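Here's a sequence, model it:
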Amino acid sequence: MFIASEGVHHKFCVATPKHMAALQYRDRLDRILFLVQHQQMACIPMMTKRLGYAKSTIERHLKRLRDEGHVISYDRGLKRYVLKED
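As a prediction, this is how the structure comes out:
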């Protein structure tokens, strides 16, 4: 972002609320992905309690991670989400 001040341009980064929300969203996605990768992502009702996120939020984040190319599925035998790694 450039701000003009008496003909001089100053470059700086401004953390806008929209930018902060995007960072927080990415942090939540990364946290869920970390839990899946480390075999700590149990069923959604348990994860709502653990993470403090709504069920719909966790489902939406799992969908987003899948849309990004992560192969995440729920293993009924293990009773947790698993990540298929190439």
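
Residue 39 belongs to a strand?
No - Residue 39: not assigned to a strand; according to DSSP: H, G, I helix; E, B strand; the rest coil it is coil.

tell me which helix or strand of this protein sits lowest on mean pLDDT?
In the chain, the helix or strand scored least confidently by mean pLDDT, DSSP states H and E is strand 2-5, which has a mean of 40.

Residue 26: neighbour count?
11 (other Cβ atoms under 10 Å). Just so you know, the C-beta spots here come from the backbone N, C-alpha and C atoms, and that holds for glycine as well.

actually residue 85, sorry about that
For residue 85, using other Cβ under 10 Å, the count is 7.

what do you get for residue 60?
For residue 60, the neighbour count with other Cβ under 10 Å is 14.

Helix, strand or coil: sort out it for me.
helix.

and the gap between it and residue 66?
As judged by Cβ to Cβ, to the nearest Å, residue 60 and residue 66 stand 11 Å apart.

Spatially central residue in this structure, please.
By Cα atoms, centre = their mean, the chain has its centre lying nearest to residue 29, at 1.1 Å.
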